[in-house]
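Undergrad: Structure for this input, please:
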Amino acid sequence: MKDSPDVYGTVTVGARGQVIIPAKARRTLKIRPGDQLIVMSGPPGRREILSFIPVERVSQVLHHFEERLESLKKELSKRVK
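TA: All right, here's what the predicted structure looks like:
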């Protein structure tokens with residue numbers, strides 16, 4: 001199935017709450033030692049599902065969004081005048 005999620009294996013939560021991300025997932029997602037990941041639940045309404053998102057990727061998305069907002073503000077200010 002094309003839209004089905006990739007399954008990389010299972011992990012065990014250690015006594016300190018730590019997990020080891022399987023090597024295949026780290027390679028595929030280019031996760032390196034020292035990378036920071038944001039841990040979120042989701043999609044909305046599904047708190048039992050966890051997502052790990054690289055901080056750098058979130059930063060890129062927010063930067064892109066800020067650029068688009070600035071562009072929109074400029075366009076709107078032209079029309080208001």
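Undergrad: the helices in this structure, which residues?
TA: Using DSSP state H, the helices of the chain run over 23-29, 55-80.
Undergrad: and the first one, how far from the chain's centre?
TA: Helix 23-29 sits 15 Å away from the centroid of its parent chain (CA atoms, centre = their mean, to the nearest Å).
Undergrad: List the buried residues in it.
TA: Neighbour-count burial for helix 23-29 flags residue 29 (criterion: 16 or more other CB atoms under 10 Å). For glycine as for every other residue, the C-beta is placed from the backbone atoms N, C-alpha and C.
Undergrad: Now render the helices of the chain as TSV, adding mean pLDDT and distance to residue 3.
TA: Shown next, in TSV, are the helices of the chain (pLDDT from 0 to 100; distance: least, CB to CB, whole Å):
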stretch	mean pLDDT	distance to residue 3
helix 23-29	93	17
helix 55-80	89	21
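Undergrad: Go through the ones you listed and pick out the most buried.
TA: Mean neighbour count (mean count of other CB atoms under 10 Å) peaks for helix 23-29 among these, with a mean of 13.
Undergrad: rewinding a little: ok, which of the helices of the chain comes nearest residue 44?
TA: helix 55-80 (17.1 Å; CB to CB).
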